[in-house]
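> Quick check, what structure comes out for this input:
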Amino acid sequence: MAHSAKNVARPATLDAAQAARVLSEVRSATLAGQRAPVAPRPVIEASWERMLRSGVDPDHDFRADLLGRDEIERRRRDTPLRHVLPVLREGLLSVADVAQHIMVVADADGRVLWREGCSSVLRKADGLGFELGADWGEAVVGTNGIGTPAVTRRPVQVFASEHFVRSHASWTCTGAPVTDPRDGRLIGVVDVSGPLETMHPATLAWVEAVAKLAEARLREVHLTSLERLRAVAAPLLAKLGGRALAVDKDGWTAAVTGMPYVDRVALPASPSPGRRLLPALGPCALEPLPGGWLIRTVDAPAPSHLTRIALDVAHPRRWSVTVSGDTGSWTHELSPRHAELLYLLAVHRAGRTASALAADMFGDRARTVTVRAEMSRVRRYLGAFLEHRPYRFCESAEVEVLLPADPRDLLPHSLAPGVVRVRGASVTGRFRQRTSEQVDGFQAVPRPEA
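Now for the predicted structure:
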């Protein structure tokens, strides 16, 4: 794409109508493969490139089927976003209504679950298909304030013709991702939208700040639930001998006895009572507790043969590691940082020192303290299969990497030099790389229902 010295980096600082005209010219020229009068902002340019590669039609307003009312209600019940709606409403709605905006809350799949605000703007949103249950993922409707923040994992303002699909050019939207503060997993996006003349330079910082408040509230909810579980488990643990701990349904530790404290234990994808092999603890007995599990270690030799470790980075915003062996399999969803680290270790099967990983991650070999801290967290759920000095997957592990169909979509959020260097390149080593569609008889993560 052509660039000029001038860049529309801050369209909100211009007159809205003037900025809209300039961006319309930029969009038309760029999509036609011609030299644009000014360069699109980098975050918008990268999104447009993704849309062109994936075949989204810039002139066709495609709309996926709306979710039914029952499915919307189910998703509302299941998402942690329900806990932060009061925070979002208090932080956004009073201003949004006056400023002729609406607040939209979508889940990690880009499905609109809540929509509130100025009634006249809500009616305009209906005409754009911005309705409850609509799919506003980037791969469906192009560059927008819900789908693009979900992919980039950063707040994004999309103004007028920065929207990839032409019919959305009369709109401005500003979205920020909401992540699980425990592990960095994306749980949704909060967006403030309205007609293009309602754009304001402060909207991006405003929406980002409210999203951070929502994440702080989620952290409080988590700590409160652990306190409740601890109150139930403490009397039981006091009567037990040996090593035991109480964890919530996601494996976060509430209390321990007879062993060092660990933040989290990797549980099977669908835990059930009985004997299980847990990677960080070995053979264990699981018993249900209100809101979690009691885990007791048992004396038995662990299986010596590991079948496979599958690192799934095939999707733009969901990454996981799955261990499959003689005792079954378990899956752990990865934060963006841990997805980067494990990918780099898979690329470099001979191992990486802390300083080499620091260079790969940050371009600074001196940041070894940060690397060691992150690797310590990784080892809490994958420690049985990782070595150190240097950091590497154990020799007995068969490591498999599931890649996106287009190499340019590999960890698109990542700015780590080591990932940027191999993005788009053919990687060699003692592991196999496949797209998710090419894996025979093995699926690393469950695929969401359409």
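
> what number of residues lie near the closest residue to Ala139 other than its chain neighbours?
Residue nearest to Ala139 in three dimensions, not counting chain neighbours: Ser54, with 5.7 Å by Cβ to Cβ, 6 or more residues apart in numbering. (C-beta placed from N, C-alpha, C; glycine too.) Summarising burial for Ser54: neighbours were counted as other Cβ atoms under 10 Å, giving 14.

> swap in Ala209?
Residues near Ala209, counting by other Cβ under 10 Å, number 13.

> what about it, which SS state?
When the structure is reduced to helix, strand and coil (DSSP: H, G, I helix; E, B strand; the rest coil), Ala209 reads as helix.

> what's around the residue lying closest to it once chain neighbours are set aside, how many residues?
Taking Cβ to Cβ, 6+ apart as the measure, Ala209 lies nearest to Gly91, with 7.6 Å between them; neighbours along the chain are not counted. Neighbour count of Gly91, defined by other Cβ under 10 Å: 21.

> Residue most distant from the centroid, the chain?
Lys239 (40.3 Å; Cα atoms, centre = their mean).

> In contact with the residue minimising distance to the centre of the chain, which residues?
Residue closest to the average C-alpha location in the chain (Cα atoms, centre = their mean): Leu186, at 3.6 Å. Listed by Cβ atoms under 8 Å, 6 or more residues apart in numbering, the contact partners of Leu186 are 108, 150, 153, 177-180, 317-318.

> Out of those, who's the most crowded?
Counting by other Cβ under 10 Å, top hit in these: Val178 with 28 neighbours.

> I'd guess that residue is in a strand, am I close?
Yes - counting by three-state DSSP, Val178 is located in a strand.

> who does the host helix or strand of Arg308 pair up with?
Under the criterion of DSSP states H and E, Arg308 resides in strand 306-312. Applying DSSP bridges, strand 306-312 is found paired with strand 319-325 (antiparallel), strand 399-403 (parallel).

> How far does it sit from its chain's centre?
Distance, stretch centre to chain centre, for strand 306-312: 21 Å (Cα atoms, centre = their mean, to the nearest Å).

> Leu128 touches Ala169, doesn't it?
No - under the contact definition of Cβ atoms under 8 Å, Leu128 does not touch Ala169, with a separation of 10.5 Å.

> Between these two, tell me which one has more neighbours.
A count of neighbours by other Cβ under 10 Å puts Leu128 above the other of Leu128 and Ala169, at 21 against 18.

> Determine the set of other helices and strands touching whichever strand or helix holds Arg380.
Element membership of Arg380, judged by DSSP H and E, is helix 368-382. For helix 368-382, the packing partners by 3 or more Cβ pairs under 8 Å, 6 or more residues apart in numbering; DSSP states H and E come out as helix 336-347, helix 354-362, strand 386-387.

> Contacts for that helix, please.
Helix 368-382 is contacted by residues 251, 262-266, 279-280, 321, 323, 332, 337-338, 341-342, 354-355, 357-358, 361-362, 386, 388, 391 when judged by Cβ under 8 Å, 6+ apart.

> any idea how far Arg308 is from Val323?
Note on Arg308: its distance to Val323, by Cβ to Cβ, to the nearest Å, is 7 Å.

> what kind of secondary structure is the residue lying closest to Pro37 once chain neighbours are set aside in?
With Cβ to Cβ, 6+ apart as the measure, Glu25 is the residue that lies nearest to Pro37, at 5.4 Å, once sequence neighbours are left out. Secondary structure, three-state DSSP: Glu25 is helix.

> Same question for Gly129.
Following three-state DSSP, Gly129 is assigned to coil.

> which residues touch it?
Going by Cβ under 8 Å, 6+ apart, Gly129 touches 61, 63, 141.

> Look up how far Leu342 lies from the last one.
Remark: distance between Val141 and Leu342 (Cβ to Cβ) = 32 Å.

> Which of these two has more residues huddled nearby?
Neighbour comparison, Val141 and Leu342: the larger count goes to Val141, with 27 against 23 (by other Cβ under 10 Å).

> Was I right to think that one contacts Gly147?
Yes - proximity of Val141 to Gly147 meets the contact threshold set by Cβ under 8 Å, at 6.6 Å.

> beta partners for Glu333?
Glu333 has the following beta-bridge partners by DSSP bridges: Ser320.

> Check the burial of it by counting its neighbours.
The burial count assigned to Glu333 is 19, neighbours taken as other Cβ under 10 Å.

> any idea where the strands of the stretch 51-200 of the chain begin and end?
Along the stretch 51-200 of the chain, counting by DSSP state E, counting those that start in this stretch, strands occupy 102-107, 112-117, 156-159, 171-179, 186-195.

> want to throw those into JSON lines with distance to Arg69 and mean pLDDT?
As requested, those are arranged in JSON lines below (distance: least, Cβ to Cβ, whole Å; pLDDT from 0 to 100):
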{"stretch": "strand 102-107", "distance to Arg69": "15", "mean pLDDT": "94"}
{"stretch": "strand 112-117", "distance to Arg69": "12", "mean pLDDT": "94"}
{"stretch": "strand 156-159", "distance to Arg69": "29", "mean pLDDT": "93"}
{"stretch": "strand 171-179", "distance to Arg69": "23", "mean pLDDT": "94"}
{"stretch": "strand 186-195", "distance to Arg69": "19", "mean pLDDT": "94"}
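
> now these in CSV, with distance to Pro412?
Supplementary listing: the strands of the stretch 51-200 of the chain in CSV, determined by distance: least, Cβ to Cβ, whole Å:
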stretch, distance to Pro412
strand 102-107, 19
strand 112-117, 23
strand 156-159, 13
strand 171-179, 13
strand 186-195, 13
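
> Would you mind saying which of the ones you listed lies nearest Ala32?
Ala32 lies closest to strand 156-159 among these, at 20.3 Å (Cβ to Cβ).
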